[in-house]
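> missing the sequence, but the structure's below:
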């Protein structure tokens, strides 16, 4: 496979310049302190449609011959790619049809429709939606717009790399959320051609990581498991086009766990005032979960926030998960005497530690309880791991038997 040259990336940049936002880079003091180098966030969550996807989608559709444009385009996606294709097609005056799984989130469905696509919900998984999209393309002549496996898609995503070099000329390391590989391949192409000394690190969710095994095998290999909150990078099989470029330029690949993803999302929300989806926070999660020496960081560092499209209900759950992972929530069960004053004494001990009680639930039905005992389930708000441990220590010192709940 011929590798994409710089001229193709620059052509995509010229094509996109009138329609795509030049997203900002924002300094992060808290991440800079962790990394021991200046850390900047490339805010593709502030891009049109809320992710980097319109870059590749617009470049791909705009380069279609007029006869193909007349037949329209079709895509399969549960979220960001759907919105990118819908927006790009509408901007170019082309009809688009997007197949989405039945369980796709309502905000993403509404947004895709609002951008002008004809949305059809088919199947329980994205693979079933893709089958339906392929059948539609075969029947109608519409062009399938793949989310990552096409040179025009990769060249479009590569414009993120060009912007990073223009905004941070001295950048030493760039961390990139990685699913099918279009964004990682594109940024790697741009940096390899213009600044080969820059270190590129792709970041995958550990529970949906196809790239390590694929690179070891020398070809795309399907991931053994797919179970992550980071649905935007939950891609089971890397694309052939991205794989060829990643294999050629050899950026490093690291993985992050679910706790790191939720903590990273929470950090972006609290400290950077940025709403980021779990996949979009993967690069931040790597900076939070690896030591700078483990990543071999060279400063300044740029972490790409690849998207910010998240269902508010999911955001609520992930924020709670992140608070718990960061030691800010403590759920526990304590057995106390079922006599007047028993609960009051327990709450007094907790109050003296400075923890706040979020909720309290009594249970008298457990078979392990004596007749004169009651189990109390509490959720407490704490100030971090040290305070959490202090609360547990105070309860133990007061003679309580405590069971911590995950």
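Ah, there it is. Keep in mind it's a predicted model, so treat the numbers as computed, not measured.

> How about the residue nearest in space to the middle of the chain, nearest residue that isn't a chain neighbour?
Centre of the chain computed as the mean C-alpha position; nearest residue by CA atoms, centre = their mean is residue 279, 0.8 Å away. The spatially closest residue to residue 279, leaving aside those adjacent along the chain, is residue 232, at 3.0 Å (CB to CB, 6 or more residues apart in numbering). Glycine gets a C-beta too; all of them are placed from N, C-alpha and C.

> what's the answer for residue 226, then?
With sequence-adjacent residues excluded and distances taken as CB to CB, 6+ apart, residue 226 is closest to residue 208, at 4.8 Å.

> Quick check: the one you found vs residue 299, distance?
29 Å (CB to CB, to the nearest Å).

> Settle it for me: which of these two has more neighbours?
With other CB atoms under 10 Å as the criterion, residue 208 and residue 299 differ in neighbour count, and residue 208 comes out ahead with 22 against 17.

> next structured bit after the helix or strand of the chain with the lowest mean pLDDT?
Comparing every helix and strand of the chain by mean pLDDT, DSSP states H and E singles out helix 312-325 as the least confident one, with a mean of 78. Sequence-wise, the next helix or strand downstream of helix 312-325 (DSSP states H and E) is strand 329-337.

> thinking again about what came up before, make sure the residue nearest to the centre of the chain is actually in contact with residue 256.
No - using CB atoms under 8 Å, residue 279 is not in contact with residue 256; the gap is 10.8 Å.

> Can you pull the poorly scored residue ranges out of the stretch 301-406 of the chain?
Scanning the stretch 301-406 of the chain for pLDDT under 70 picks out the ranges 364-368, 406.

> Do you have the strands of it handy? List them.
301-305, 329-337, 356-363, 373-381, 402-405 (DSSP state E, counting those that start in this stretch).

> would you list those strands in a markdown table and tack on mean neighbour count?
As requested, these are exported to a markdown table (neighbours: other CB atoms under 10 Å):
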| stretch | mean neighbour count |
| --- | --- |
| strand 301-305 | 29 |
| strand 329-337 | 18 |
| strand 356-363 | 12 |
| strand 373-381 | 17 |
| strand 402-405 | 12 |
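
> List the residues that contact the nearest residue to residue 224 once chain neighbours are set aside.
Closest residue to residue 224 in three dimensions, ignoring its sequence neighbours and counting by CB to CB, 6+ apart: residue 213, at 7.9 Å. With contacts defined as CB atoms under 8 Å, 6 or more residues apart in numbering, the neighbours of residue 213 are 221, 223-224.

> Let me see the ranges of the strands in the chain.
Taking DSSP state E, the strands of the chain run over residues 25-27, 39-43, 73-76, 96-100, 118-121, 143-144, 173-177, 199-205, 252-256, 301-305, 329-337, 356-363, 373-381, 402-405.

> Could you give the number of residues near residue 275?
18.

> Skipping adjacent residues, who's closest to it in space?
Going by CB to CB, 6+ apart, residue 275 has residue 308 as its nearest residue, at 5.0 Å.

> rewinding a little: out of the strands of the stretch 301-406 of the chain, nearest to residue 27?
Nearest to residue 27 among the strands of the stretch 301-406 of the chain is strand 301-305 (10.6 Å), distances taken as CB to CB.

> Give the pairing partners of the closest one; include direction for each.
Paired neighbours of strand 301-305 in the sheet (DSSP bridges): strand 39-43 (parallel), strand 173-177 (parallel).

> outside of the first one, which residues touch it?
Meaning strand 39-43. Contacts of strand 39-43 (CB under 8 Å, 6+ apart): 23-28, 31-32, 160, 163-164, 167-168, 171, 268, 272, 274, 284, 287, 300-305.

> quick one, the lengthiest helix in the chain and strand 39-43 angle?
In the chain, with assignment by DSSP state H, the single longest helix is helix 151-167. Counting by axes from the mean of the first three to the mean of the last three CA atoms, to 10 degrees, helix 151-167 points 140 degrees away from the direction of strand 39-43.

> Tell me the gap between helix 151-167 and the middle of its chain.
With CA atoms, centre = their mean, to the nearest Å as the basis, helix 151-167 stands 19 Å off its chain's centre.

> Output the contacting helices and strands for it.
Helix 151-167 is packed against helix 6-16, strand 39-43, helix 53-62, helix 182-194, helix 240-249, strand 301-305, with contacts defined by 3 or more CB pairs under 8 Å, 6 or more residues apart in numbering; DSSP states H and E.

> Endpoint to endpoint, stretch 329-349 covers what distance?
17 Å (CA to CA, to the nearest Å).
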